[in-house]
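[1] Compute the structure for the input listed below.
(chains A and B)
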Amino acid sequence: MTVTAADLRERVRDLLAAHPPATTDRAAFLNARFDAGLAWVHYPEGLGGLGADPALQAVVDAGLAAADAPDNDPRRIGIGLGMAAPTILAYGTEEQKRRFLRPLWTGEEVWCQLFSEPGAGSDLAALGTRAVRDADGTWVVDGQKVWTSSAHLARWAILIARTDPDAPKHRGITYFLCDMTDPGVEVRPLRQITGEAEFNEVFLTGVRIPDSHRLGEVGDGWAVARTTLMNERVAIGGARIPREGGMIGRAAHTWRTRPELRTHDLHRRLLDLWVDAEVARLTGERLRQQLAAGGPGPEGSAMKLAFARLNQRISGLEVELLADEGLLYDDWTMRRPELVNFTGRDAGYRYLRSKGNSIEGGTSEVLLNIVAERVLGLPAEPRDDKDVPWKDLAR
Amino acid sequence: MTDLLYSEAETDLRAAVRALLADRADPAALPARLEGTGPHDAELWHALAGGIGAAGLLVPEKLGGQGATHREAAVVLEELGRAVAPLPYLTSSVVATQTLLALGPSDEAAELLADLASGRRTAVLAVPLTTAPDAPLPTEPPTAPTDTPATAPGVTVTAVADAVLADVLLVPRPDGLHAVDAAEAALRPLTPLDLTRPLAAVTVPANAPGTRLADAGTSRAAVRSGLVAGAGLLASEQLGLAEWCLEEAVRHTRARHQFNRPIGSFQALKHRMAELWLEVAGARAAARNAADALATGSPDAPLAVAVAQAYCSRVAVHAAEECVQLHGGIGMTWEHPAHLYLKRAKADQLAYGAAGHHQDTIAGLVDLPAPAP
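    Below is the predicted model:
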């Protein structure tokens, strides 16, 4: 039976009646919402969903927001929701789905992602972290991962490791769910350009992972990881933003309130950026309309690129606009933020942090290759690493 | 929020226009044509205007048009841009038509509108192609408007687009807008940078017979309305032009082999085309936004138009320049149509207000004032 918007409104009413947000504990409410199939409506019944059209999630979210119901803070649990969950749903066993999806969705268990390595970033499939099967079938993992957001908060990680060094690099990888509290997992803050440490290095030394925490077949980890990565990029750029909703709003505000800072050169460049920001907003809105109409748009890959560039240019202009104040920095203290705070800090911070926008989640160069090859159909660059055993690759 | 997608009817209209142009206006045949009979193809114009009904899209049905909107006209312009078609669509079916519509009801305007809608006659506004929506008009001296008939000597307006093809000139004068039969004016064809949009210097004698269509105030608002629509829908022409340039660059670099590889596999080239694709995606959103805002009469229309022009004119020029460069030596030849797109894109950059002019408009609309002098 097809789930309609009316069905969902009724379920939301029932949920709110049985668990009034004002008097219900946050965790209890989120668990009740999961049980009612209103967590992610397109997920299967019993796993927090109702097998409904994903577009109908908006009906649920609007109904719950109107009642001031607690939400699951998707920013902090973004990696779990955006990357781990769709992969577990696609490749997990029934037992894995039942064990992991609920606490992931409620935020009781935070996830992180152990993919990138010091020697394998954009060339992710070159990774060298090893997983060797022990006599009792347990996997023993050794290696180092890097740029790991939330690792210091995470209870679980999605992990890819090499299980067959004799196979070509894409074929010898296996995908695991790693318990971050296990012995041998060491998380060290990685201090960044901004002075703070959002990211971590993660050292894995003799970490023992039971075979029941493997996702997908042995040696099939690359295909599983591709599901994760595709979902990562889909998660970017879906939200509707108002005019001047991004960083341009800060720069425009400074311009309006500080007439003494205005110069003709900055005026021209600010207007250039204002137009680019407005067009990027419209492109995002067009993508949103396409998705709502059921057709995914290739504009999706564009949004991350466009916003990375825009944020860098706008924050760079802001530093210049501020003249003497642009020479100052608000705070170099090493902090461990749970969220990236783009609007709460000064222009200098925004300028430095936005440098990461064209690197994290796929560099702009890699994304341009994706646009060129998958959208425009241009030929791939020739590559000679496809059939070479991983152990024989230069590194 | 504006609707930034294409409706089914718009997609059908696009298919019809594209099929007609593919059949009758192959860009590859244009360079040779331009040196023969001149750019204008009357038969093609009648097929587009009358056969498909494209010329009357903005005109209500009771006035003999199709009763559609700027959204549909924008789709036609995307296709005309893709073909750099030398047709007076933007000047007659959009700018002149919109101006007449904005004058309000009168018998003279209604008769002319019906003719424009059917494609039986074409009209152009006798202002330079570069005129921005709120710029002063050359045929109006910088004195206060007056309701007394013009006694001033004749005026000459330079760089009027498509005037050599027009049957009627809409001449702004101090006392209002006049419809003047083109035969009454002296036209001096100019050699245009853009070979596909003919330009002329137009001299209208002070005593040329014509019809005053409205008083000065109404006329000025109507001319502005025509120019805003022209600037807004020019963005769609620029979008179509940029799309063609990108597609041709991709097609060529996939096929062309050097160093034993298709040159489109080199990252230095791929990235340039991917960058261009990003710009074209932005141009599509901006152009659709402008067309939809014009179609719905949104109060946001002046800003949507200025944003679209400030952005799309730059994208079209960049696309055309990249198309020439990525074709290598072939891109420099007269035989390959890439130069026609470059010339059109560069001329379009000046049409209905340059990007800097539209940026100044934006600065005023969104309160980002220039520094105090």
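[2] And the pLDDT at residue B:2?
    Here the pLDDT value assigned to residue B:2 is 89.
[3] How about the contacts made by residue 96?
    Since no chain was named, I'll use chain A. Shown in contact with residue A:96 (CB atoms under 8 Å, 6 or more residues apart in numbering or on different chains): A:88, A:177, A:212-213, A:215. C-betas here are computed from N, CA, C, even on glycine.
[4] my question was about chain B
    Taking CB under 8 Å, 6+ apart, we find residue B:96 in contact with B:116, B:122-125, B:168, B:170, B:226.
[5] Rebuild those as a markdown table, extending it with distance to chain A, neighbour count and secondary structure.
    Formatted as a markdown table, the contacts of residue B:96 follow (distance: CB to the nearest CB, whole Å; neighbours: other CB atoms under 10 Å in any protein chain shown; DSSP: H, G, I helix; E, B strand; the rest coil):
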| residue | distance to chain A | neighbour count | secondary structure |
| --- | --- | --- | --- |
| B:116 | 31 | 27 | helix |
| B:122 | 33 | 26 | coil |
| B:123 | 32 | 28 | strand |
| B:124 | 29 | 26 | strand |
| B:125 | 27 | 32 | strand |
| B:168 | 36 | 23 | strand |
| B:170 | 31 | 27 | strand |
| B:226 | 24 | 27 | helix |
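[6] Going by distance to residue A:79, which of the residues you listed wins?
    residue B:226 (53.7 Å; CB to CB).
[7] quick one on the thing from earlier: quick one: buried ones out of the contacts of residue A:96?
    For those, a burial check counting by 16 or more other CB atoms under 10 Å in any protein chain shown picks out A:88, A:177, A:213, A:215.
[8] can you give me the strands in chain B?
    Taking DSSP state E as the criterion, chain B contains strands spanning B:123-125, B:155-161, B:168-173, B:176-181, B:186-190, B:199-204, B:210-212, B:257-258, B:261-262.
[9] Highest mean neighbour count out of those?
    strand B:123-125 (a mean of 29; mean count of other CB atoms under 10 Å in any protein chain shown).
[10] residues making contact with that strand?
    Residues contacting strand B:123-125 (CB under 8 Å, 6+ apart): B:88, B:91-92, B:95-97, B:99-100, B:112, B:116, B:160-163, B:166-170, B:172, B:179, B:223, B:226-227.
[11] which of the buried ones among the contacts of residue A:96 lies closest to residue A:245?
    Set against residue A:245, the nearest of the buried ones among the contacts of residue A:96 by CB to CB is residue A:88 (32.7 Å).
[12] Look up how far chain B lies from the closest one.
    32 Å (CB to the nearest CB, to the nearest Å).
[13] from memory that residue sits against residue A:101, does it?
    Yes: when contacts are counted by CB atoms under 8 Å, residue A:88 is listed as touching residue A:101 (6.4 Å).
[14] who touches both of those two?
    Joint contacts of residue A:88 and residue A:101 (CB under 8 Å, 6+ apart) do not exist.
[15] care to break the chain down by domain?
    Because you didn't say which chain, this covers chain A. Per the record, chain A has its domains at A:5-71, A:111-218, A:239-376, by the TED database.
[16] um, chain B though
    B:8-121, B:219-366.
[17] Let's see the distance spanning the last one from one end to the other.
    The one in question is domain B:219-366. 27 Å (CA to CA, to the nearest Å).
[18] Mean confidence (pLDDT) on it, please.
    For domain B:219-366, mean pLDDT rounds to 97.
[19] Farthest pair within the contacts of residue A:96?
    In those, two members sit farther apart than any others by CB to CB. They are A:88 and A:212, at 13.1 Å.
[20] low-scoring stretches of the stretch 201-350 of chain A, by residue?
    A:232-239, A:295-299 (pLDDT under 70).
[21] same thing but at 50, please
    Within the stretch 201-350 of chain A, the segments meeting pLDDT under 50 span A:235-238.
[22] Name the residues of stretch A:82-98 that are buried.
    A:82-89, A:91-92, A:96-97.
[23] Give me the subset of those that lies in helices.
    Among the buried residues of stretch A:82-98, the residues falling in helices (DSSP state H) are A:85-89, A:91, A:96-97.
[24] how close does the residue lying closest to residue B:137 once chain neighbours are set aside sit to chain A?
    For residue B:137, ignoring the flanking residues on the chain, the nearest one in space by CB to CB, 6 or more residues apart in numbering or on different chains is residue B:172 at 4.8 Å. Separation of residue B:172 from chain A (CB to the nearest CB): 29 Å.
[25] got it, and residue B:336?
    From residue B:336 to chain A the distance is 20 Å (CB to the nearest CB).
[26] Mind pulling up the pLDDT for the residue nearest to residue A:179 when sequence neighbours are not counted?
    Once flanking residues are discounted, residue A:179 sits nearest to residue A:156: 6.4 Å by CB to CB, 6+ apart. pLDDT for residue A:156: 97.
[27] Just list the residues touching residue A:156, thanks.
    With CB under 8 Å, 6+ apart, residue A:156 has these contacts: A:80, A:84, A:100, A:104, A:109-112, A:177-180.
[28] Among these, which ones are in strands?
    A:111-112, A:177-179.
[29] and residue A:201, that one's in a strand?
    Yes: secondary structure assignment places residue A:201 in a strand (DSSP: H, G, I helix; E, B strand; the rest coil).
[30] Report how many residues lie close to it.
    16 (other CB atoms under 10 Å in any protein chain shown).
[31] Over to residue A:66?
    10.
[32] Can you tell me how far it is from residue A:210?
    44 Å (CB to CB, to the nearest Å).
[33] Kindly report the same for residue B:289.
    54 Å.
[34] Those two: who's more crowded?
    Per other CB under 10 Å, whichever of residue B:289 and residue A:210 has more neighbours is residue B:289, with 31 against 13.
[35] in the helix or strand containing residue A:208, what's buried?
    For residue A:208, the host element (DSSP states H and E) is strand A:199-209. With burial defined by 16+ other CB under 10 Å, the residues of strand A:199-209 counted as buried are A:199-204, A:207, A:209.
[36] which of these sit farthest apart?
    A:199 and A:209, at 22.8 Å, using CB to CB across the buried residues of strand A:199-209.
[37] Pull the contacting residues for the residue of the stretch 1-150 of chain B found nearest chain A.
    Among all residues of the stretch 1-150 of chain B, residue B:4 sits closest to chain A, at 4.1 Å; criterion: CB to the nearest CB. Residue B:4 makes contact with A:282, A:285-286, A:289, B:285, B:288-289, B:292, according to CB under 8 Å, 6+ apart.
[38] Give me the ChimeraX select line for the residues you listed, limited to the buried ones.
    This is how ChimeraX selects the buried members of those, with burial counted by 16+ other CB under 10 Å:
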select /A:282,285,286,289 /B:285,288,289,292
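[39] of all the contacts of residue B:4, which comes closest to residue B:371?
    So of the contacts of residue B:4, ranked by how close each gets to residue B:371 (CB to CB), first place is residue A:282, at 28.3 Å.
[40] Just the pLDDT for residue 39.
    You didn't say which chain, so I picked chain A. 94.
[41] meant chain B actually
    pLDDT, residue B:39: 71.
[42] that older thread, ok, which of the domains of chain A comes nearest residue B:26?
    Each of the domains of chain A was scored for nearness to residue B:26 using CB to CB, and the closest is domain A:239-376 (23.2 Å).
[43] do that closest one and chain B meet?
    Yes: applying CB under 8 Å from any CB of the partner chain, one finds domain A:239-376 touching chain B at A:240, A:244, A:252, A:255-256, A:259, A:262-264, A:267-268, A:270-272, A:274-276, A:278-280, A:282-283, A:285-286, A:289-290, A:293, A:298-299, A:302, A:305-306, A:365, A:368-369, A:371-373, A:375-376.
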